[in-house]
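A.B. asks: A predicted structure for the sequence below; I have some questions about it.
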Amino acid sequence: MFPTITAGLDGSAASSDAADWAAAEARRRGLPLRLVHAAARQPDAAIPHTPLGSPGRQQEHWGDRLLRDAEARIQLRHPDLRIVGEQIANEPVAGLLGAAADAEMLVIGSQGLSAFASFLVGSVALGVVGRATRPVVLVRAARPAGEPPRPSAPPAASPRDVVLGLDLDRPSDAVIAFAFAAAAERQAVLRVIHGWYLPAYYTFGTEDIPASQDVGGELAEQKKTALADALRPWREKFPAVEVTAQAVIGRAAHHLVDSARGTDLLVVGRRTRTSPLGGHIGSVTHAVLHHAVAPVAVVPHD
């Protein structure tokens, strides 16, 4: 299949906002937008009919209307964008994973609980992120649940930053390349964050270390150098991208959530290993998905 930006729709405010975000991304990349609605359907023969038809038929009609309404709304904002809609007769996780297989990326919504509570990432979103082989972007709802969709706003006059969470122990080319390309497409600043901890002997006592040795300062310089070394070939490959890099002490997820406020995109990685219970999402990525307000791109890598 020809590459697309694919967005999953389920009728929620979050999925509608995700479709808007996906439309803007498709336009930036010069790709078609594919809107999909995945829902398992029972055979009509197994379900009693009502005056409005069987529940399966009603579900199909509702899905068609959902896709048509979203397509019409997005087409008004992006008249030159090629948009295709498709219903997938499968349960949501499997359906979205199948739709993502041939896409440049899959974009889905993630509903927040409130402005003060931790965010809730649904089982469908986590199931897709944990098993997808292509990048998945989770977009928060920009309006309260139940409020009707608003017309897509025009793009901001000046681009917002892209934030990359970089693991220096296992730096992934796929994750770094995705973040640099996203910043280049937006003509935005790429802010790279690496979180690290001081060793236990420095935190709890330094009896075995000469008093004149600034262990924290030396380690900070080592991390700074390692970060610069990891980014050097990518700076050369994307010379137009302005990059700021920070190696910060403390929980990486905490720094990433704070740094991503008001940004256009937060990029993190996920190793493509599985457990007997299914796909695995690392602790940093898991925390970011639950707490970051900005759209989060999860890029799978070996």
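C.D. replies: Yes, it's here. Numbers count the residues shown, from 1 in each chain.
A.B. asks: Sheet partners, orientation included, of the strand or helix carrying residue 34?
C.D. replies: Taking DSSP states H and E as the criterion, residue 34 maps to strand 33-38. Strands that pair with strand 33-38, judged by DSSP bridges, come out as strand 5-8 (parallel), strand 83-88 (parallel).
A.B. asks: buried ones in whatever helix or strand comes next after the longest one?
C.D. replies: Looking back up the chat, that one is strand 83-88. Of the helices and strands lying after strand 83-88 in sequence (DSSP H and E), the nearest is helix 92-100. Using 16 or more other C-beta atoms under 10 Å as the test for burial, helix 92-100 gives 92-93, 95-97, 99-100. All C-beta spots, glycine's among them, are computed from the backbone N, C-alpha and C.
A.B. asks: can you check stretch 255-272 too?
C.D. replies: Under 16+ other C-beta under 10 Å, the buried positions of stretch 255-272 are 255-257, 259-260, 263-270.
A.B. asks: could I get the buried residues of helix 92-100 as CSV with pLDDT?
C.D. replies: What follows is those, written out as CSV (pLDDT from 0 to 100):
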residue, pLDDT
92, 91
93, 92
95, 94
96, 94
97, 94
99, 92
100, 92
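A.B. asks: and which of these is nearest residue 162?
C.D. replies: Of all these, residue 100 has the smallest distance to residue 162: 21.1 Å, by C-beta to C-beta.
A.B. asks: From residue 249, how far out is the closest one?
C.D. replies: Note on residue 100: its distance to residue 249, by C-beta to C-beta, to the nearest Å, is 36 Å.
A.B. asks: Same question for residue 21.
C.D. replies: Residue 21 is 33 Å from residue 249, by C-beta to C-beta.
A.B. asks: Those two - which one has more neighbours?
C.D. replies: The neighbour count for residue 21 versus residue 249, taken as other C-beta atoms under 10 Å, is higher for residue 21 (23 against 13).
A.B. asks: just checking, that one touches residue 138?
C.D. replies: No - the pair residue 21 / residue 138 is not scored as a contact, 9.9 Å apart, by C-beta atoms under 8 Å.
A.B. asks: Quick check: neighbours shared by those two?
C.D. replies: Common neighbours of residue 21 and residue 138, counting by C-beta atoms under 8 Å, 6 or more residues apart in numbering, are residue 295.
A.B. asks: before we move on, back to that, quick check: which of the strands paired with strand 33-38 is buried the most?
C.D. replies: Highest mean neighbour count of these: strand 5-8, a mean of 29 (counted as mean count of other C-beta atoms under 10 Å).
A.B. asks: about what we covered before: to residue 196, which of the strands paired with strand 33-38 lies closest?
C.D. replies: For the strands paired with strand 33-38, the distance to residue 196 is smallest for strand 5-8, at 34.3 Å, taking C-beta to C-beta.
A.B. asks: average model confidence for the next helix or strand after that closest one?
C.D. replies: Later in the chain than strand 5-8, the nearest helix or strand by DSSP H and E is helix 13-29. Averaged across helix 13-29, the pLDDT comes to 95.
A.B. asks: can you give me the angle helix 13-29 makes with strand 83-88?
C.D. replies: Per axes from the mean of the first three to the mean of the last three C-alpha atoms, to 10 degrees, the angle that helix 13-29 makes with strand 83-88 is 140 degrees.
A.B. asks: Report the secondary structure element holding residue 71.
C.D. replies: According to DSSP H and E, residue 71 maps onto helix 55-77.
A.B. asks: Distance from that helix to the middle of the chain?
C.D. replies: Relative to the centre of its chain, helix 55-77 is centred 24 Å away, using C-alpha atoms, centre = their mean, to the nearest Å.
A.B. asks: and if you look at stretch 230-250?
C.D. replies: Averaging C-alpha positions (C-alpha atoms, centre = their mean) puts stretch 230-250 20 Å from its chain's average.
A.B. asks: in that stretch, what counts as buried?
C.D. replies: Buried residues in stretch 230-250 (16+ other C-beta under 10 Å): 230-231, 234, 238, 241, 243, 245, 247-248.
A.B. asks: Next: stretch 295-302.
C.D. replies: With burial defined by 16+ other C-beta under 10 Å, the residues of stretch 295-302 counted as buried are 295-301.
A.B. asks: Alpha carbons only: can I get that stretch in PDB?
C.D. replies: Extracted in PDB, the C-alpha atoms of stretch 295-302 (Å, rounded to 0.1, in the frame of the first residue of the first chain):
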ATOM      1  CA  PRO A 295       1.300  14.700  21.400                       C
ATOM      2  CA  VAL A 296       3.600  11.800  22.000                       C
ATOM      3  CA  ALA A 297       5.300   9.800  19.200                       C
ATOM      4  CA  VAL A 298       6.400   6.300  20.300                       C
ATOM      5  CA  VAL A 299       8.900   4.900  17.800                       C
ATOM      6  CA  PRO A 300       9.600   1.100  18.000                       C
ATOM      7  CA  HIS A 301      13.200   0.000  17.600                       C
ATOM      8  CA  ASP A 302      15.400  -3.100  18.000                       C
END
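A.B. asks: Thank you kindly, that will do.
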